[in-house]
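Participant: coordinates for the following, if possible.
(chains A and B)
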Amino acid sequence: MFRYYFRLGIRSLRRNMVLTALMIAAIAVGIGACMTALTVFRAMSGDPIPQKSSQLYTPQIDNWSPERPPGDSPDHLNALLSYIDVTAFMQAPGAKHQAAMFATLLSVRPNDPQQKPFKANVRTTYTDFFPMFDAPFKYGRPWSATEDKNHSAVVVLTSDMNNRLFGGQNSVGKIVRLDSEPYTVTGVLDDWQVLPRFYDLQVQPFGRSDEIFMPFTRAVDKQMKVLGSIQCNGDGGTAFETLLRSECIWLQFWVELPTAADAAKYRAFLNNYAAEQQRLGRFHWPPHTQLRNVTEWLRYRHVVPNEVRILILVSFGFLLVCLMNAMGLMLAKIMGRAGDIGVRRALGASRAAIFAQCLIETGVVGLAGGILGLALTALGLMAARSLLSKNFVALAHLDWTDTTIAVLLAVGATLVAGLYPTWRAAHVQPAWQLKAQ
Amino acid sequence: MQFRPILSAMRRNKVGAILIAVQMAITLAILCNALFIIQQRVALSERPTGVDDEANVVVLDNQWVGNPPDQAARQEGDLAALRSLPGVQDAFATNSVPLTDSGSTEGISLHPDQKTASARAALYFGDEHAIASLGLKLIAGRNFNADEVTEKVGYTDLKSPAAIIITKGLADKLFPNANAVGQSIYDDFSKGQVPIIGVIDRLQVPWVSAGGWGSTFNDSSFIVPFHIVIPFPVLYVIHTQPGQAAAVIQAAPKKLFDISRARVIGKTRPMTALRTEIYKDDKGLVVILGIVCVALLAVTAFGIVGLTSYWVAQRRRQIGIRRALGATRNAIIQYFQTENLLIAGAGAAIGIALAVSLNLWMVSAFAMQRLNTGYALIGAVVVMLLGQAAVLWPALKAASIPPALATRAA
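Facilitator: Predicted structure coming up:
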């Protein structure tokens, strides 16, 4: 039965090619626009570390007064932390892993004297960074906690940086010269990328990522310049020693808390810490702290730009117009065949049969629109990639989920749009139609 | 033209008419909001930086390998070499320039013990060559003297500048009723008293994003007479003679590498390239929204053509009878055009309401600006004209139905 209706549907679509083409084109264009925006949105709002996104937390604490809200933060909390607080957090017990960090930019002098020196993004952090974020090692291992304590000159390279400096060979134990000082390689990462770079969203979270890692303690010793912002609340002083003693905020801090109980305990610790600071006279306001996991953090920091949301909105509005268009055309098409339907009804076809037949015909239109729409989505993504910067579309590509969404959306939406015309078809009065003939 | 017969005909064909009206309403709502966003983004990306001729201002970033102790002297040597290149008018070194999205701000106070700063402004390092190298316009006071320029070494230096030059935007904010030149300010970090010696017409802050950091003090900047010495990229800004930018972009890095190879030189490019790059997303959004608008209008137009054609086909006999009873071709055309005007009018009315509410929602969700009602009206006119144009072809077809049709059997 289904196959017969399917054949009937195709035949009826072929009878009025212009109308059919218009319908399919309308649906395809709508689906293409929608899926382009949706694919970009899905890529940007993806989970950078799905296995752990609910176990990794970053604390926030109000170390400026509540009367002076910094920037445009709606909850009077800063996205960065001061050196004072980070030092205290690093000594707190109860976390499985924890690491303070900041980014810097150093010049790398290749061992080959023919090569020019180049700049590299360096992340200064603690050894826990690697197990906490599940960073895989190709060679060697992270530096040790002792090396953190000793402010040692050691580094971990990404595999790209290892390819560039050592041609991809095992470089553990070799020397890298950063800003003219020698650093020993303790490990080389395997391919590892978190997009967006949730642990530090300041500079191009979807763009160029960290290339070299080294101990935080060493970077502080060497007074390395901060790549990212340093925000001060009047007690500034850009001298590095003053920076360490000030309420200026410039650091990130992440902690791994495997269970909800751990997180609750950590929250209590944060509040106690803030209360203690109030007692000590550092804060003259009640504790105001927050602990967010990766998912909450990305939402809080608006990682998906408003532009993408605007495009989603516009494209779904567009799809709606396209569907109403298709609905109008379907209505015209089906009512144009009222005579045929009348004859079929008079010959004994039930309402349900007419309904099924028209719905299958609609489904065929939706399917064709969906497939064409997929092609248009691919085109749309190509256009978006050439028109927009990496901050928007670097990671957007059609995967199987997108493809399925597109086809289901096309067929589903077309069927919904086709319900009314189909219902009208099923209610054609056979006697009326036959009389009119 | 009588509306009555049209309305009673429409009543028998409610769904089709409603579909077209709602389509037009949504089209209108999207269209005028998109046009509004387009206009805003274009205006945003065309804001002047204060630099007179961006095509001939070349920016190059230089970072020394290691942290050589004689950086200040090396920098002086580099700049002297750059100024001696053919085609170069002037050059200076700074921490940032407009259109780079990276720089520093400071709070500026009018009294030393002020708790909250009077204004926030972007900080640019420079010397007596800064104004000429960037091509800025000094509108009051004077430029720095060479003896006012000092070295500022990395983080460890907290000295106050000997003098500053501020933008007119900052001057108006700090001294709305007085001449800024001759007044003094206190900066956040050193807390020292600094005299204002000059006012420049405009120097945009480095950040450009709509509603982002810097958007509230876009025209508030100041230049301090410091040579910066930091273990980080320092920007060399070179003003070339007209048309010499390309040659200087070739020659400058070569010259610098001849002086010393222990450095990393990033991109060397004119400020026009910075502008293109930093506004890429705004331009991209404009193009994408433009394409969507055109596609939307096309889809709506084809929908109207399709549905009206169907109505014409359905009413062939009635049209034939009307023609036989004496209606002119024009009357038939007018019938369909009036019908469409009624539908489009209803659609436009709903559409304007929809457009305004969509905008209000975006204002609260995305911190957008309020829609100028002019856009809603322009959109309404566009959508109604579109309807008239789309209906013309089916209407002409209807008018060509021969009156003799009435005499034939159905």
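Participant: drop to CA atoms for contacts and neighbour counts, all remaining ones
Facilitator: Will do.
Participant: what strand or helix carries B:Ala178?
Facilitator: B:Ala178 is part of no helix or strand when elements are defined by DSSP states H and E.
Participant: quick check: which ranges of the stretch 1-150 of chain A have low pLDDT?
Facilitator: A:67-74 (pLDDT under 70).
Participant: give me the number of residues near residue 251?
Facilitator: The chain I'm using is chain A. A:Leu251 has 21 neighbouring residues, counting by other C-alpha atoms under 10 Å in any protein chain shown.
Participant: sorry, should have said chain B
Facilitator: 14.
Participant: and B:Arg315, by the same measure?
Facilitator: Neighbour tally, B:Arg315, other C-alpha under 10 Å: 13.
Participant: that one and B:Ala25, how far apart?
Facilitator: 27 Å (C-alpha to C-alpha, to the nearest Å).
Participant: tell me the secondary structure at B:Val181.
Facilitator: Local secondary structure at B:Val181 is given as coil here, using DSSP: H, G, I helix; E, B strand; the rest coil.
Participant: so it makes contact with B:Gly198?
Facilitator: Yes: between B:Val181 and B:Gly198 there is a contact at 5.7 Å, judged by C-alpha atoms under 8 Å.
Participant: between these two, who's got more neighbours?
Facilitator: When B:Val181 is set against B:Gly198 and neighbours are counted by other C-alpha under 10 Å, the residue ahead is B:Gly198, at 24 against 19.
Participant: shouldn't the more buried one be within a strand?
Facilitator: Yes: going by three-state DSSP, the assignment for B:Gly198 places it inside a strand.
Participant: hmm, B:Ile164 and it touching each other?
Facilitator: Yes: at 7.1 Å, B:Gly198 and B:Ile164 qualify as touching, with contact defined as C-alpha under 8 Å.
Participant: residue ranges for the strands of chain B, please.
Facilitator: B:57-64, B:88-94, B:104-109, B:119-126, B:138-141, B:150-153, B:164-167, B:184-187, B:193-200, B:221-229, B:234-240, B:263-270 (DSSP state E).
Participant: so which of those is nearest chain A?
Facilitator: strand B:263-270 (5.5 Å; C-alpha to the nearest C-alpha).
Participant: is chain A contacted by the closest one?
Facilitator: Yes: applying C-alpha under 8 Å from any C-alpha of the partner chain, one finds strand B:263-270 in contact with chain A at B:Arg263, B:Val264.
Participant: mutual contacts of B:Val181 and B:Gly198, please.
Facilitator: B:Ala140, B:Gly141 (C-alpha atoms under 8 Å, 6 or more residues apart in numbering or on different chains).
Participant: could you identify the longest helix within the chain?
Facilitator: You didn't say which chain, so I picked chain A. helix A:351-387 (DSSP state H).
Participant: look at chain B instead
Facilitator: Longest helix in chain B, counting by DSSP H: helix B:329-366.
Participant: count of residues packed around the residue of the stretch 301-410 of chain B found nearest chain A?
Facilitator: Here the stretch 301-410 of chain B gets closest to chain A at one residue, B:Gly303, 5.2 Å apart by C-alpha to the nearest C-alpha. The tally of other residues near B:Gly303 (other C-alpha under 10 Å) stands at 29.
Participant: right, and it touches A:Asn325 too?
Facilitator: Yes: counting by C-alpha under 8 Å, A:Asn325 is a contact partner of B:Gly303 at 5.2 Å.
Participant: now do the shared contacts for the two.
Facilitator: B:Ile20.
Participant: quick one: pLDDT of residue 299?
Facilitator: The chain I'm using is chain A. We have a pLDDT of 89 for A:Arg299.
Participant: hmm, I had chain B in mind actually
Facilitator: The predicted local confidence for B:Val299 is 92.
Participant: was I right about it contacting A:Ala326?
Facilitator: No: in this structure B:Val299 lies outside contact range of A:Ala326 using C-alpha under 8 Å: 9.7 Å.
Participant: of these two, who's got more company?
Facilitator: More crowded of B:Val299 and A:Ala326, by other C-alpha under 10 Å: A:Ala326, with 30 against 26.
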